[in-house]
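Asker: have a look at this prediction, sequence included:
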Amino acid sequence: MNFKTTQEHEALRAQIRAYAEAEIKPYAFQWDKENYFPRREVVDRLAEMGLMGIPFPTEYGGAGLDATSYAIAVEELSRVDGGAGVILSAHVSLGSWPIYAFGTQEQKEKYLVPLAKGEKIGAFGLTEPNAGSDAGGTETTAVLQGDHYILNGEKIFITNGGEADTYVVFAVTTPGIGTRGISAFIVEKGWEGFTFGEHYDKMGIRSSATAQLLFQDVKVPKENLLGKEGQGFKIAMATLDGGRIGIASQALGIAQGAYERAVEYAKERVQFDKPIAFQQSISFKIADMATKLRCARMLIYSAAELKEHHEPYGMESAMAKMYASDIALEVTNDALQIFGGSGYLKGMDVERMYRDAKITTIYEGTNEIQRVVIASHILGKEPKAQSAGGVKQSGAITGPRKKQIWKGGEVQEMVDALVDSLKQDGYDFTVGIPLDTPIARAERVVSAGKGIGEEENMILIEDVARAAGAAIGSSRPVAESLRYVPLDRYVGMSGQKFTGNLYIACGISGAVQHLKGIKDASTIVAINNNPNAPIFKHCDYGIVGDVAQVLPLLAQALDTGEKLPAPPMVKMKRATPKQEKPVYKTYVCGGCGYEYNPAQGDPDNDVLRGTQFENLPAEWVCPECAEAKDAFIQA
């Protein structure tokens with residue numbers, strides 16, 4: 001490890017710092033306030049400076065610099081705006097590097113070159129509602145049909161999401177064998193069926209775009225498979241190893257900026273006849289902050305140097321990310337404390353940096369996961385658990401649901417089928433509750449999402465609610481941003497929880513925050529014109545269609561005239577979908593009764609999960625009693 005950067009490194013630092021101070025710092029407050037993605041101001045300008053492909057060879061349009069240079073660039077951008085820093089980090093480490101490391105020559109020429117030149121932005125699609133820290137829970141699928149894979153599913157919390165042009169996306173190509181069944185694909189913005197949710201309204205790094213990716217029968221050419229089938233998990237983990245250097249650098253930059261502002265303020269602020277910097281309580285804070293920053297910088301540059309020399313660096317990058325993000329929280333907290341009440345005001349850099357710092361402990365692997373990674377490098381592989389369980393299968397956020405979706409038919413026929421199904425489930429629409437019944441006490445709720453359009457369309461929601469004998473609810477944006485209903489009407493994880501029987505979601509896409517507020521509903525109905533809307537994966541019944549057409553017909557079909565007062569609510573039992581039987585035959589050892597489970601395989605004897613009994617090697621024996629394969633009988 002060289003404990004001193006080179007003249008070239010410091011020249012690059014000076015170049016980026018000058019740009020950031022002049023062209024980012026004056027606008028960072030406004031970008032934060034407006035949730036504004038600065039493509040022209042940051043992406044295009046970095047491209048002009050030749051810095052969007054810092055660590056990639058010049059033959060692919062990159063700058064040909066080393067990993068330490070890349071870390072310095074992210075650090076200096078983050079020093080004035082954490083969002084700007086992660087735009088570059090996600091583009092380079094996540095959206096571009098896996099194509100450089102695992103792509104074919106054709107893929108590099110087609111995709112890496114414009115990414116490295118900054119003509120296009122890259123992003124990385126791994127996280128899902130049921131696959132966060134545990135990437136093995138991936139549910140997005142890619143099925144090979146002829147010359148294309150058909151991609152279906154969703155990704156959440158995607159940095160550069162919606163703004164990026166090229167996405168590295170992970171999907172299951174071989175179900176039932178866990179991480180070995182995940183593959184990676186290069187997906188282009190603009191392909192039919194590939195859409196985006198709205199940018200998340202985040203606590204911090206608000207100049208960074210973060211959005212949901214939605215895939216509905218997206219055709220991905222075979223040649224856009226990155227690596228080989230089944231290598232996706234390996235590609236994802238290798239990518240995240242390098243990505244952690246970027247996030248560590250972002251955390252360091254945020255902390256460095258807060259530290260510098262705190263020192264400057266402490267020298268100017270006079271109390272008790274001297275600058276507060278010379279009060280021992282403050283001077284000790286400053287000393288501790290500086291020490292933490294130096295330690296973080298050494299960890300980051302050390303990991304970058306190892307990566308540059310093609311030496312193992314997974315543990316070191318995890319250490320750097322964990323430590324730098326932990327101390328970023330501490331340093332920004334101390335910086336705000338030094339500013340006192342002034343630091344708590346909107347518009348102060350340290351207030352924004354305090355908010356920006358938190359995410360660095362969460363994304364690209366939470367710091368709890370970093371500790372798992374570090375410990376695994378030190379301790380080795382965990383002993384095999386003595387369990388008969390199979391491969392974990394993740395479910396919907398709202399639990400098992402019927403998922404009976406009507407689409408493509410006559411609207412009246414779809415509405416009639418929905419109402420018939422609800423009546424067969426036992427719903428009595430001759431009774432009802434007031435529209436303003438508190439959500440937590442309501443037996444039925446009809447909720448409005450942004451998909452209903454203008455406020456005048458709320459009359460459609462009211463008509464359906466009256467006809468269904470239900471109260472009125474909404475998604476968070478409808479209450480908070482559009483203000484169509486009072487704030488106490490919105491349903492979600494941070495709003496009102498609906499635990500009653502019937503929930504009808506109208507024009508609601510199905511963000512995780514909303515779904516967690518209705519997960520205990522007995523029956524969920526979704527009406528949305530977007531077939532990609534995630535709520536269709538989490539409902540019992542759904543109609544794909546224009547709410548302006550569906551809702552009047554639904555109100556008419558449910559209308560029974562004057563409603564009788566509903567009796568006290570009796571919680572209806574949720575319908576449980578039938579469990580599909582395993583597609584494999586079961587074989588049991590005639591000697592000891594051991595049952596071979598293809599979902600588990602026999603890893604101790606190099607038999608991969610997903611291997612059918614018929615495909616076991618002839619020399620394979622029972623792992624419990626060593627009986628030969630032919631001693632097994634079909635159950």
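Answerer: That came through, no problem.
Asker: tell me the pLDDT at Asp425?
Answerer: Looking at Asp425, its pLDDT is 93.
Asker: okay, the closest residue to it other than its chain neighbours: pLDDT?
Answerer: Excluding the flanking residues, the one nearest Asp425 by C-beta to C-beta, 6 or more residues apart in numbering is Thr523, at 6.4 Å. Placement of C-beta: from N, CA and C, glycine included. Per-residue pLDDT puts Thr523 at 96.
Asker: now the helices for the stretch 51-200 of the chain?
Answerer: Using DSSP state H, counting those that start in this stretch, the helices of the stretch 51-200 of the chain run over 67-80, 82-89, 97-102, 105-107, 113-117.
Asker: one more: the stretch 351-500 of the chain?
Answerer: Assigned by DSSP H, counting those that start in this stretch, the stretch 351-500 of the chain shows helices spanning 367-379, 411-424, 458-468, 476-480.
Asker: just to revisit the earlier point, quick check: the residue nearest to Asp425 touching Lys423?
Answerer: No: counting by C-beta atoms under 8 Å, Thr523 does not reach Lys423; the two are 11.7 Å apart.
Asker: about what we covered before: out of the helices of the stretch 351-500 of the chain, which is closest to Asp273?
Answerer: helix 367-379 (42.3 Å; C-beta to C-beta).
Asker: and the longest helix for the chain?
Answerer: Using DSSP state H to define each element, the chain has its longest helix at helix 232-268.
Asker: quick one: that helix to helix 67-80, angle?
Answerer: Counting by axes from the mean of the first three to the mean of the last three C-alpha atoms, to 10 degrees, helix 232-268 lies at 50 degrees to helix 67-80.
Asker: can you name the next helix or strand after helix 232-268?
Answerer: Downstream of helix 232-268, the next assigned helix or strand under DSSP states H and E is strand 270-271.
Asker: contact partners of that next one?
Answerer: 276, 279 (C-beta atoms under 8 Å, 6 or more residues apart in numbering).
Asker: ok so, going back, the helices of the stretch 351-500 of the chain: which one's closest to Glu308?
Answerer: For Glu308, the closest of the helices of the stretch 351-500 of the chain is helix 367-379, at 19.6 Å, according to C-beta to C-beta.
Asker: what helices or strands is the closest one leaning on?
Answerer: The contact analysis (3 or more C-beta pairs under 8 Å, 6 or more residues apart in numbering; DSSP states H and E) places helix 367-379 against helix 314-339.
Asker: and the helix it packs on, how far from the chain's centre?
Answerer: Offset of helix 314-339 from its chain centre (C-alpha atoms, centre = their mean, to the nearest Å): 22 Å.
Asker: could you give the angle of it to helix 82-89?
Answerer: 160 degrees.
Asker: coming back round to it: now render the helices of the stretch 351-500 of the chain as TSV, adding distance to Ile405 and mean neighbour count.
Answerer: Shown next, in TSV, are those (distance: least, C-beta to C-beta, whole Å; neighbours: other C-beta atoms under 10 Å):
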stretch	distance to Ile405	mean neighbour count
helix 367-379	35	15
helix 411-424	10	16
helix 458-468	19	21
helix 476-480	23	20
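Asker: I'd like these laid out as TSV, including distance to Ile205.
Answerer: Shown next, in TSV, are these (distance: least, C-beta to C-beta, whole Å):
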stretch	distance to Ile205
helix 367-379	17
helix 411-424	42
helix 458-468	34
helix 476-480	20
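Asker: specify the residue positioned farthest from the middle of the protein.
Answerer: For the chain, the largest distance from the centre (C-alpha atoms, centre = their mean) belongs to Asp273, which lies 51.1 Å off.
Asker: so how far is Tyr313 from the closest residue to Arg13 other than its chain neighbours?
Answerer: Computed as C-beta to C-beta, 6+ apart, the closest residue to Arg13 that is not its neighbour in sequence is Ile72, at 5.1 Å. Taking C-beta to C-beta, to the nearest Å as the measure, Ile72 falls 17 Å from Tyr313.
Asker: do the same with Gly232
Answerer: To Tyr313, Gly232 is 21 Å away according to C-beta to C-beta.
Asker: who has more neighbours, those two?
Answerer: The residue with more neighbours, out of Gly232 and Tyr313, is Gly232; 31 against 23, by other C-beta atoms under 10 Å.
Asker: below-threshold pLDDT in the stretch 151-300 of the chain: ranges please.
Answerer: Within the stretch 151-300 of the chain, no range satisfies pLDDT under 70.
Asker: count the neighbours of the residue nearest to Asp425 for me.
Answerer: 23.
Asker: what sits against it?
Answerer: Contacts for Thr523 (C-beta under 8 Å, 6+ apart) come out as 422, 425, 427, 501-503, 540-541, 572, 574-575.
Asker: measure the residue farthest from the centre of the chain to Phe339 for me?
Answerer: According to C-beta to C-beta, Asp273 stands 20 Å off from Phe339.
Asker: what's the answer for Tyr313, then?
Answerer: 37 Å.
Asker: repeat for Ala631
Answerer: According to C-beta to C-beta, Ala631 and Phe339 sit 75 Å apart.
Asker: more neighbours, those two?
Answerer: Taking other C-beta under 10 Å, Ala631 and Phe339 do not tie; Phe339 has more neighbours (22 against 16).
Asker: pLDDT score assigned to Glu382?
Answerer: At Glu382, the model reports a pLDDT of 71.
Asker: how about it: what's its closest non-neighbour residue?
Answerer: For Glu382, the spatially nearest residue (C-beta to C-beta, 6+ apart) is Ser376, at 7.7 Å.
Asker: and that neighbour, how far from Cys622?
Answerer: With the distance defined as C-beta to C-beta, Ser376 ends up 30 Å from Cys622.
Asker: Met49 now?
Answerer: Met49 is 64 Å from Cys622, by C-beta to C-beta.
Asker: okay, those two: which has more neighbours?
Answerer: A count of neighbours by other C-beta under 10 Å puts Cys622 above the other of Met49 and Cys622, at 20 against 15.
Asker: I figured that one hits Ile633, correct?
Answerer: No: assessed by C-beta under 8 Å, Cys622 is found out of contact with Ile633, at 12.0 Å.
Asker: please enumerate residues in contact with stretch 127-134?
Answerer: Residues outside stretch 127-134 that contact it (C-beta under 8 Å, 6+ apart): 137-140, 153-158, 365-366, 368-369, 394-397, 512, 515, 534.
Asker: quick one: the strands in the stretch 351-500 of the chain?
Answerer: 404-407, 431-432, 444-448, 471-474 (DSSP state E, counting those that start in this stretch).
Asker: make JSON lines from these and add distance to Met493 and mean neighbour count to it.
Answerer: Formatted as JSON lines, these follow (distance: least, C-beta to C-beta, whole Å; neighbours: other C-beta under 10 Å):
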{"stretch": "strand 404-407", "distance to Met493": "24", "mean neighbour count": "16"}
{"stretch": "strand 431-432", "distance to Met493": "27", "mean neighbour count": "20"}
{"stretch": "strand 444-448", "distance to Met493": "14", "mean neighbour count": "30"}
{"stretch": "strand 471-474", "distance to Met493": "14", "mean neighbour count": "29"}
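Asker: of those strands, which is nearest Glu21?
Answerer: Nearest to Glu21 among these is strand 471-474 (43.7 Å), distances taken as C-beta to C-beta.
Asker: summarise which helices and strands that closest one is packed against.
Answerer: On a contact count with 3+ C-beta pairs under 8 Å, 6+ apart, strand 471-474 meets strand 444-448, helix 458-468.
Asker: which among the contacts of Thr523 end up buried?
Answerer: 422, 425, 427, 501-503, 540-541, 572, 574 (16 or more other C-beta atoms under 10 Å).
Asker: now render these as CSV, adding distance to Ser96.
Answerer: Putting the buried ones among the contacts of Thr523 into CSV (distance: C-beta to C-beta, whole Å) gives the following:
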residue, distance to Ser96
Leu422, 50
Asp425, 50
Tyr427, 52
Asn501, 49
Leu502, 48
Tyr503, 42
Asp540, 42
Tyr541, 43
Met572, 51
Arg574, 45
